Structures are given as structure tokens and as C-alpha cells.
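1. Here is a sequence with its predicted model. Questions after.
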Amino acid sequence: MAGVAGRLARLRCSGALSSPLQVTRFPALQLHLCGPAMRASQKDFENATNQVKLLKKDPGNEVKLKLYALYKQATEGPCNVPKPGVLDFINKAKWDAWNALGSLPKETARHNYVDLVASLSASSESSIQVTPAADRKQPGSDALVVTSQDGITTITLNRPDKKNALTTQMYHDIMLALEAAGKDDSAITVLTGNGDYYCSGNDLTNFTDIPPGGVEEKARSGAVLLRDFVDCFIDFPKPLVAVVNGPAVGISVTILGLFDIVYATDRATFHTPFSHLGQSPEGCSSYTFPKMMGPSKATEMLVFGKKLTAREACTQGLVTEVFPDSTFQKEVWVRLKAYSKLPPNAMRISKQVIRNTEKEKLHAINAEESNILRERWLSDECMNAVVSFLSKKAKL
Ligand SMILES: CCCCCCCCCCC/C=C/C(=O)SCCNC(=O)CCNC(=O)[C@H](O)C(C)(C)COP(=O)(O)OP(=O)(O)OC[C@H]1O[C@@H](n2cnc3c(N)ncnc32)[C@H](O)[C@@H]1OP(=O)(O)O
């Protein structure tokens, strides 16, 4: 356990991975950046750390390292933490950048940080997304877009540059979006992805944001989040449709067993590499997959990580219908618009008649899978896989 905690601690590098180094988009924040000639106040500095999160364009690793070093110097002073090992590439690069600032005074570092952020903001001014609060469908981030039209509420995963990997915030936002969609006046609800991927599953950087309670606390809260997330799909009251616009990985595949319809482009693949990641099945797939495809086909996917083509997934019952990529969007939306005109109450009640008998069982399976995963996340097998991915040594 100490080894696992140590490796995670190194990954975090004193909170570095959850520090303003991560360039993610957030709803607009007020900014008061100081000009280059003025000294930066603490308030300017705080605003600048928020501004970094608003940059739409990734400023590149070199600038991110500079920002990191200045941030650490401004908040903690000169680098006096142990140098990470040579194989710990990411943290070593950060340590080097911080250490290179020597004894630069905190105030100067703060000032330089604010200046650097101001120059980055000026060069990407148009990239800041200002979303009026009243128009926001759910709080937290623009990594999820919710629209309602023609009787269809569509929840779109919108992190195409990260293959729509699910951050912790996105799990929460999807739950909120589903809760709202379950109550709105749309007839059906769709989950889809923006870009070339449907979703690459859990964002593996979720493992790096360790709370003061340590990795055990992280695993515990992760298991609660997972259980709550999957429960929302089990309980969703209306017809739920997945429009799988590209490859799907991990949890985005397993929860498909809880959807009512799954339409896929012929470019989509379905991959659940849990053993490779030292993990185990979730999303009720330990029950839904063997039920729909038989235990041995389910084992090939869930235990051996066999990646299915869209057509194979259709043969196995995971996908309802496959469409040529060139006509996918057009054909699917024409179909869904027609379905959305059917009487909504009849559709909702029919769905419930089909699904309700299994609900209690699914909740119990979800709770059990989440518990088992909590243990898995603390294993060396899982940690090694996550570290390998984050240090760019491994990909699926
Ligand atoms: C204790 C912690 C609990 C946390 C919260 C728990 C909540 C519930 C969790 C439920 C359990 C879920 C399990 C799963 O979903 S397992 C599946 C996890 N997914 C993966 O392992 C996929 C990893 N990604 C890849 O292997 C490749 O990126 C991929 C094959 C998907 C695409 O390869 P390609 O070469 O086409 O593209 P890139 O690799 O260059 O990707 C572009 C950028 O996107 C980043 N990326 C992609 N996927 C992920 C991901 N899943 N997590 C984090 N980042 C991801 C990739 O790093 C690239 O980023 P950069 O451009 O910055 O390099």
C-alpha cells in the first residue's frame, strides 16, 4: 500500500496535477489582470490562476512547465522537495522547472506568473467561452453540452481533444443532466459524443487528484460516485438512446447494457480492457453482458479485453443497429425524430414495464461491482497501469 500511495503522491507532485497546470475549460470568471508595469497583488494572482483554466488552447508543455514553476515558487517559495526518480518523467520535468527558479522571491514569481498568463490570455482572447448562467443546462464545465429539440434531449460529451474521457466533474454533470432530462418534456433522451470518439472511458487523471484522506479515501469516494452514476442509468424513466459516433472504451461501453437502444457508426469499436488496467467490470456489465451475449462471449470482452467491431457488437446484442459512417448522423436523427413523436407517456410506461422487473437486481449488482472496484483501484496492478498510461508509456 505504501508503494501505491508513494507512486500516486509522486504523480501528484505536491498537488501539481490538480493545480492550475491542467488546462480545462470552465464557465466564465471575472478577471482583473494587472498590466506588466504594475506589481501583481494576491488578488491578481488568484485571478490569473483562474484565467489559466479558461484558456481554450493548450499552451504547450514548455509554457505549462513555466506556469507550474512560477506557481510553485509564488506559493511555496524555492524548491526544496526531493528530486523525483529519473523514470518519473513528468514529475522530474516539473521539479527541474521549479528548481531552475532558484531563490527567485515569491513576489517576483507571482508577478511573472500574472504577466505570463496575461500574455497567453491576450493571444487566445476569443477562446474564452462566456456562458450566461441562465443558459447553462448544468453547472461545472462545458465538457458536457445539453440541448433539447424536437422532443429529444441530447447530452453530448464534449472533450474531443481527450477523446471524451470522463472527468469526475463530467460524471456529476451527466447525473444532473439525466435527472433534468428525466423530468423535462422531451420524449426520449440521447447520449452521444463530439469528435471522432464516442468516449474513451474514465479519465485516468481522475486517479491523481488524491484528497487529504489518501488513496483509500479516493477509492471510497470513487466507488460512491460510480454507484450513484450507474444508478442514474438504471433508474432513468424514459427511452434512453446511445448514438455511438466512434470508438467506445470502458465504462462508456458497459453502461450500454442499461440503454434502451444503441445505434452505432460502422467506425465504432467497443473495448473493455479491464484486466489490462488491473480493474474489473462495472456498469452492471457483469450481469447484462453474459445475459445478452452468453457467458463466454462476455468473458472474451470483460476478462480478456477483446475489442469488438460495431458489427460484432450488433451480433452480440450490445448494439441495436449499425449505420455506414457517411450517413450515420442523418439516418439516426431522422429515425429518432420520428420516434420522438410517439406518445411520450406510452413510451415511458412501456420502457418501465420492460425494465422494472430487473431494477432491484441491477442496483444490487451495481453496488457489488462498485465495492469490488474500490479494492481493485488500490491494487498494484491498477496503479501500475494508470502510471504507465499517464507517463505515456502505454495506450490501449
Ligand atoms: C480511484 C479513482 C476513482 C475515480 C472516479 C471513478 C469514477 C468511475 C470509474 C469507473 C471505472 C471506469 C473504467 C474505465 O472506463 S476503464 C477505461 C479507461 N480508459 C482508457 O484506459 C483509455 C486510455 N486512452 C487510450 O488508451 C488512448 O488515448 C485511446 C486508445 C483512447 C486513443 O488513442 P489515440 O492515439 O487515438 O489518441 P491519444 O492517446 O493521443 O488521445 C488524445 C488525448 O486524449 C487523452 N486521453 C484519451 N483517453 C484518455 C483517458 N481515458 N484518460 C485520460 N486521458 C485520455 C490522451 O492522453 C491524449 O492526451 P494528450 O493530447 O494530452 O496527450
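-> Ah, there it is. Please read all numbers here as calculations on a predicted model, not as lab measurements.
2. Does Arg227 lie in a helix or a strand, and which?
-> helix 214-234 (DSSP states H and E).
3. Looking only at that helix, what residues are buried by neighbour count?
-> Neighbour counts over helix 214-234 (16 or more other CB atoms under 10 Å) mark 215-216, 218-219, 222-223, 225-227, 229-234 as buried. Placement of C-beta: from N, CA and C, glycine included.
4. Likewise for stretch 259-278?
-> Those would be 259-265, 267-274, 277-278, for stretch 259-278 by 16+ other CB under 10 Å.
5. burial measure for the closest residue to Ser141 other than its chain neighbours, as a count.
-> In space, and not counting its chain neighbours, Ser141 is closest to Gln169: 5.2 Å by CB to CB, 6 or more residues apart in numbering. If you count neighbours by other CB atoms under 10 Å, Gln169 ends up with 17.
6. any idea how far Gln169 lies from the ligand?
-> Distance of Gln169 to the ligand, computed by CB to the nearest ligand atom, to the nearest Å: 11 Å.
7. Pull the distance from the strand or helix carrying that residue to the chain's centre.
-> Gln169 is part of helix 168-183 when elements are defined by DSSP H and E. Here the centre of helix 168-183 is set off from its chain's centre by 13 Å, with CA atoms, centre = their mean, to the nearest Å.
8. How about the helix holding Arg227 and the ligand, touching?
-> Yes - judged by CB under 6 Å from any ligand atom, helix 214-234 and the ligand are in contact via Lys218, Ala219, Gly222, Leu225, Leu226.
9. Could you save these as TSV and add columns showing distance to Asp44 and pLDDT?
-> TSV is the format used below for those (distance: CB to CB, whole Å; pLDDT from 0 to 100):
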residue	distance to Asp44	pLDDT
Lys218	33	95
Ala219	38	96
Gly222	36	97
Leu225	35	98
Leu226	39	98
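10. Let me have those residues in CSV, adding distance to Ser286 as columns.
-> Listed next are the residues of helix 214-234 next to the ligand as CSV, based on distance: CB to CB, whole Å:
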residue, distance to Ser286
Lys218, 23
Ala219, 19
Gly222, 18
Leu225, 19
Leu226, 13
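11. quick check, nearest of those to Leu70?
-> Lys218 (28.1 Å; CB to CB).
12. what kind of secondary structure is the closest residue to the closest one other than its chain neighbours in?
-> Nearest residue to Lys218 in three dimensions, chain neighbours excluded: Ile210, at 5.3 Å (CB to CB, 6+ apart). The local conformation at Ile210, judged by DSSP: H, G, I helix; E, B strand; the rest coil, is coil.
13. what residues does the stretch 151-300 of the chain put near the ligand?
-> 162-163, 165, 168, 171, 200-207, 218-219, 222, 225-226, 249-251, 277, 279, 282.
14. before we move on, the earlier item: which secondary structure elements does the helix holding Arg227 contact?
-> The contact analysis (3 or more CB pairs under 8 Å, 6 or more residues apart in numbering; DSSP states H and E) places helix 214-234 against helix 2-12, helix 168-183, helix 359-377.
15. For Leu166, give its distance to Leu157.
-> 7 Å (CB to CB, to the nearest Å).
16. Spit out the residues that contact the two alike.
-> Counting by CB atoms under 8 Å, 6 or more residues apart in numbering, the residues touching both Leu166 and Leu157 are Cys199.
17. more crowded one of the two?
-> When neighbours are counted by other CB under 10 Å, Leu166 and Leu157 differ, and Leu157 comes out ahead with 27 against 24.
18. Kindly state the beta-bridge partners for the more buried one.
-> Leu144, Gly193 (DSSP bridges).
19. For it, which residues are in contact?
-> Contacts of Leu157 by CB under 8 Å, 6+ apart are Ala143, Leu144, Asn164, Leu166, Met170, Leu191, Thr192, Gly193, Asn194, Tyr198, Cys199.
20. which one of the residues you listed is nearest the ligand?
-> Within the contacts of Leu157, the smallest distance to the ligand is 7.2 Å, found for Leu166 (CB to the nearest ligand atom).
21. I figured the closest one was touching Ser252, is that so?
-> Yes - assessed by CB atoms under 8 Å, Leu166 is found in contact with Ser252 at 7.4 Å.
22. Mind listing the shared neighbours of those two?
-> Residues touching both Leu166 and Ser252 (CB under 8 Å, 6+ apart): Cys199, Gly201.
23. how far away is whichever residue of the stretch 151-300 of the chain sits closest to the ligand from Thr320?
-> Per CB to the nearest ligand atom, Gly250 is where the stretch 151-300 of the chain lies closest to the ligand, at 2.2 Å. Gly250 sits 21 Å away from Thr320, going by CB to CB.
24. Mind pulling the model confidence for Glu125?
-> At Glu125, the model reports a pLDDT of 41.
25. got it, and the one 5 residues further on?
-> At Val130, the predicted lDDT confidence score is 25.
26. doesn't Ala264 make contact with Pro324?
-> No - Pro324 is beyond contact range of Ala264, at 11.0 Å (criterion: CB under 8 Å).
27. give the contact list for Leu144.
-> Gln138, Ile155, Thr156, Leu157, Asn158, Met170, Asp173, Ile174, Ala177.
28. Now which of those would you call buried?
-> For the contacts of Leu144, a burial check counting by 16+ other CB under 10 Å picks out Gln138, Ile155, Thr156, Leu157, Asn158, Met170, Asp173, Ile174, Ala177.
29. Kindly reformat the residues you listed as a markdown table and extend each row with pLDDT.
-> Converted to a markdown table, the buried ones among the contacts of Leu144 look like this (pLDDT from 0 to 100):
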| residue | pLDDT |
| --- | --- |
| Gln138 | 44 |
| Ile155 | 98 |
| Thr156 | 98 |
| Leu157 | 98 |
| Asn158 | 98 |
| Met170 | 97 |
| Asp173 | 97 |
| Ile174 | 98 |
| Ala177 | 98 |
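30. quick one: which helix or strand includes Lys72?
-> helix 61-76.
31. ranges for the strands of the protein?
-> For the chain, strands defined by DSSP state E occupy the ranges 144-149, 152-157, 188-193, 240-244, 248-249, 261-265, 269-271, 308-309, 321-323.
32. any chance of these in JSON lines, with distance to Asp380 too?
-> JSON lines is the format used below for those (distance: least, CB to CB, whole Å):
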{"stretch": "strand 144-149", "distance to Asp380": "33"}
{"stretch": "strand 152-157", "distance to Asp380": "31"}
{"stretch": "strand 188-193", "distance to Asp380": "32"}
{"stretch": "strand 240-244", "distance to Asp380": "33"}
{"stretch": "strand 248-249", "distance to Asp380": "22"}
{"stretch": "strand 261-265", "distance to Asp380": "35"}
{"stretch": "strand 269-271", "distance to Asp380": "23"}
{"stretch": "strand 308-309", "distance to Asp380": "29"}
{"stretch": "strand 321-323", "distance to Asp380": "39"}
